[in-house]
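Student: what's the 3D shape of this:
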Amino acid sequence: MTGSVERANADGDPESVPRERRAVVAKRVDSGTADLAEITQLAAAAGYEVVGELSQTRTEDAAFMFGEGKVAELRDLVRRTDAGAVIVDNDVGPYQTFNIGGELPEGVEVIDRFTLILEIFGQRANTRKAQLQVELAELRYELPRAEAKASLAKRDERPGFMGLGEYDESVERDIKRQISEIRDELESIAAKEEARREQRRDSGFDLVALAGYTNAGKSTLMRRLAAEIDVDENADRHPDLDTTAESQDMLFTTLGTTTRRAEMEKRDVLLTDTVGFIADLPHWLVESFESTLDSVYRADLVLLVVDASEPVETMREKLVTSHDTLYERNEAPVVTVFNKVDRLAPGELADKRGALSGVAPDPVAVSAKTGAGVAELRDRVEAELPDWERERLVLPVSDEAMSLVSWIHDHGHVDEESYASDQVTVDFEAKPSIVARARSKAAGLAPAEST
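Tutor: Down below sits the predicted model:
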């Protein structure tokens with residue numbers, strides 16, 4: 001099925017949105033019907049007003065991606081809607097981009113799926129790390145295109161719509177140099193973050209990461225689980241996040257990582273929300289955000305959040321892709337969270353549990369919006385985290401011993417604390433590393449002085 005659709009402007013006034021922010025979205029598929037819903041959401045997230053859409057079902061044309069007749073239809077749609085951009089939900093090669101642009105009115109920009117994603121990332125990058133990762137992704141995307149652009153420039157053809165200036169043989173070298181410099185800086189940031197993670201673990205914290213597709217409700221779930229802002233690497237840059245992670249019905253609301261203390265019955269947990277996954281991301285783009293994904297890969301437990309209101313096949317596809325993303329590097333157990341169950345009809349949750357049992361065994365069903373199921377999720381988090389050790393210490397009554405007892409309260413869970421005339425007994429549970437440090441501290445205490 002193929003065709004094109006012209007949309008009325010949301011305000012009914014073609015002049016209410018600047019031409020450069022008016023876009024036609026287009027997609028080609030080999031078979032079936034092209035779904036333009038996600039690319040429309042992505043365009044809106046980047047600040048575009050979608051004024052038309054076009055799709056085609058056919059094999060890829062080497063020169064134009066679409067058939068030549070469909071490109072002519074695209075040109076006519078752009079003229080009728082006065083669009084300043086064409087957003088193609090495909091991986092469009094540099095020569096295809098050039099050829100499509102050559103058929104469009106002067107000044108119309110051709111943007112493929114990955115360029116659009118990078119534009120969104122660039123708009124949301126408010127920390128140094130996020131900005132570096134976006135720049136790295138842009139350079140990796142640009143590198144294989146530099147040769148094609150240089151070739152077009154040498155032929156004195158019009159490559160300007162591809163976002164380039166003058167190209168010569170030094171461009172590729174400059175891109176490689178910049179990639180190397182950014183990777184070095186990101187490695188330095190990653191080393192500091194790993195040291196911070198280990199310091200948090202040494203302080204008795206378990207690290208839990210929220211993972212899953214963008215718009216699955218991870219930030220809203222963090223709002224339910226977070227007790228307070230304990231650690232937030234973006235606090236000075238995001239005053240809007242002073243009390244909770246941002247939550248909007250929009251793709252890529254979260255780009256940088258946000259870490260908060262989660263409210264649990266026994267254990268001290270730090271919960272990290274990070275950038276959402278998205279379908280069909282190329283390897284180079286995932287690699288560029290490796291530093292951010294380390295928050296997931298190096299957690300003690302991962303909560304894989306999926307939108308339970310979506311169709312079963314969509315959920316299955318996203319779960320499989322998420323597991324593939326986590327599989328190679330993630331060492332922590334993964335708990336699947338079916339979110340947005342408040343949107344389900346009676347009986348629908350049970351049907352989806354059964355249909356998805358192979359990729360989501362024993363999921364926790366919650367509504368981050370209403371709070372339903374969140375108490376059960378807290379219990380599951382504590383049950384799935386690495387086992388604590390039980391310990392009993394008998395300490396002499398002294399100022400140093402009281403200081404140690406206070407430290408144990410801060411870093412573990414005290415089940416019982418009892419006092420005799422000259423000693424205090426503490427029964428507690430804690431991470432093995434905390435138990436070992438408590439033993440070491442206890443061994444260094446002087447015996448109580450007799451009176």
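Student: ok, which stretches of the protein are helices?
Tutor: 37-45, 68-81, 94-103, 113-124, 128-154, 170-202, 218-225, 283-288, 290-297, 312-327, 348-355, 374-384, 399-411, 432-443 (DSSP state H).
Student: Where among the ones you listed is average confidence lowest?
Tutor: Among these, helix 283-288 carries the lowest mean pLDDT, at a mean of 68.
Student: Put the alpha carbons of stretch 435-443 into PDB.
Tutor: Below are the C-alpha coordinates for stretch 435-443, written out as PDB (Å, rounded to 0.1, in the frame of the first residue of the first chain):
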ATOM      1  CA  VAL A 435      29.900  -7.100  57.000                       C
ATOM      2  CA  ALA A 436      33.600  -7.600  56.400                       C
ATOM      3  CA  ARG A 437      34.300  -3.900  57.200                       C
ATOM      4  CA  ALA A 438      32.100  -4.100  60.300                       C
ATOM      5  CA  ARG A 439      34.100  -7.100  61.500                       C
ATOM      6  CA  SER A 440      37.300  -5.300  60.900                       C
ATOM      7  CA  LYS A 441      36.200  -2.300  62.800                       C
ATOM      8  CA  ALA A 442      34.900  -4.500  65.700                       C
ATOM      9  CA  ALA A 443      38.200  -6.300  65.900                       C
END
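Student: Touching it from outside, list them.
Tutor: 389, 391, 393, 395, 404, 407-408, 411-412, 428, 430 (C-beta atoms under 8 Å, 6 or more residues apart in numbering). C-beta coordinates here come from the backbone N, C-alpha and C atoms, glycine included.
Student: Please verify my assumption that residue 325 contacts residue 278.
Tutor: No - Residue 325 is not in contact with residue 278 according to C-beta atoms under 8 Å; the separation is 10.5 Å.
Student: Enumerate every residue touching residue 67.
Tutor: Taking C-beta under 8 Å, 6+ apart, one finds 56, 58, 61 in contact with residue 67.
Student: Make CSV out of these and add pLDDT, distance to residue 361 and neighbour count.
Tutor: Output for the contacts of residue 67, formatted as CSV (pLDDT from 0 to 100; distance: C-beta to C-beta, whole Å; neighbours: other C-beta atoms under 10 Å):
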residue, pLDDT, distance to residue 361, neighbour count
56, 96, 40, 22
58, 95, 40, 13
61, 94, 44, 16
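Student: Tell me the one of these nearest residue 272?
Tutor: Residue 272 has its nearest neighbour among those in residue 56, at 41.4 Å by C-beta to C-beta.
Student: how near is residue 25 to residue 413?
Tutor: 53 Å (C-beta to C-beta, to the nearest Å).
Student: Mind checking which of these two has more residues around it?
Tutor: residue 25 (29 against 19; other C-beta atoms under 10 Å).
Student: can I assume the more buried one is in contact with residue 50?
Tutor: Yes - if you go by C-beta under 8 Å, residue 25 and residue 50 touch, sitting 5.5 Å apart.
Student: where do the contact lists of these two overlap?
Tutor: In contact with both residue 25 and residue 50: 40, 43, using C-beta under 8 Å, 6+ apart.
Student: need the strands for the stretch 201-350 of the chain, in chain order.
Tutor: According to DSSP state E, counting those that start in this stretch, the stretch 201-350 of the chain carries its strands in the segments 206-212, 226-228, 258-262, 269-273, 301-307, 334-339.
Student: what angle sits between the fifth one and helix 218-225?
Tutor: For the pair strand 301-307 and helix 218-225, the angle between their directions (axes from the mean of the first three to the mean of the last three C-alpha atoms, to 10 degrees) equals 120 degrees.
Student: Likewise for the third one?
Tutor: Taking the same axes, to 10 degrees, one finds strand 258-262 and helix 218-225 inclined to each other by 30 degrees.
Student: And strand 258-262, what does it pack against?
Tutor: helix 218-225, strand 226-228, strand 269-273 (3 or more C-beta pairs under 8 Å, 6 or more residues apart in numbering; DSSP states H and E).
Student: Swap in 6 Å and give it another go.
Tutor: Here strand 258-262 touches strand 226-228, strand 269-273, going by 3 or more C-beta pairs under 6 Å, 6 or more residues apart in numbering; DSSP states H and E.
Student: What is the end-to-end distance of stretch 304-316?
Tutor: Stretch 304-316 has its terminal residues 13 Å apart, counting by C-alpha to C-alpha, to the nearest Å.
Student: For that stretch, which residues meet the burial criterion?
Tutor: 304-310, 315-316 (16 or more other C-beta atoms under 10 Å).
Student: nearest to residue 42, of the strands of the stretch 201-350 of the chain?
Tutor: By C-beta to C-beta (comparing all of these), the closest turns out to be strand 301-307, at 16.2 Å.
Student: on that earlier part again, and the strands of the stretch 201-350 of the chain, which one is worst for confidence?
Tutor: Minimum mean pLDDT among the strands of the stretch 201-350 of the chain: strand 226-228, a mean of 64.
Student: one step back: and the helices of the chain: which comes nearest residue 339?
Tutor: helix 218-225 (6.3 Å).
Student: before we move on, the earlier item: what is the nearest of the contacts of residue 67 to residue 86?
Tutor: Among the contacts of residue 67, and counting by C-beta to C-beta, the member closest to residue 86 is residue 56, at 13.4 Å.
Student: My guess is that closest one contacts residue 71. True?
Tutor: No - applying C-beta atoms under 6 Å, one finds residue 56 not in contact with residue 71, separated by 9.6 Å.
Student: ok, back up a step: could you export the contacts of stretch 435-443 as TSV, including neighbour count and distance to residue 364?
Tutor: Listed next are the contacts of stretch 435-443 as TSV, based on neighbours: other C-beta atoms under 10 Å; distance: C-beta to C-beta, whole Å:
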residue	neighbour count	distance to residue 364
389	15	26
391	19	30
393	20	35
395	21	40
404	21	37
407	15	33
408	25	31
411	20	27
412	24	25
428	23	28
430	23	25
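Student: and the two most separated of these?
Tutor: 389 and 395 (17.6 Å).
Student: which residues touch residue 375?
Tutor: Under the criterion of C-beta atoms under 6 Å, 6 or more residues apart in numbering, residue 375 has no neighbours.
Student: how about 10 Å then?
Tutor: Residues near residue 375 by C-beta atoms under 10 Å, 6 or more residues apart in numbering: 224, 265, 366.
Student: for residue 427, same thing?
Tutor: Counting by C-beta under 10 Å, 6+ apart, residue 427 touches 390-393, 413-418.
Student: can you tell me which of the contacts of residue 67 are in strands?
Tutor: Under the assignment DSSP state E, the contacts of residue 67 contribute residue 56 to strands.
Student: any chance of the contacts of residue 67 in TSV, plus distance to residue 360?
Tutor: As requested, the contacts of residue 67 are arranged in TSV below (distance: C-beta to C-beta, whole Å):
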residue	distance to residue 360
56	35
58	35
61	39
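Student: Now flag whichever of the contacts of residue 67 is closest to residue 352.
Tutor: For those, the nearest to residue 352 is residue 56 (32.8 Å; C-beta to C-beta).
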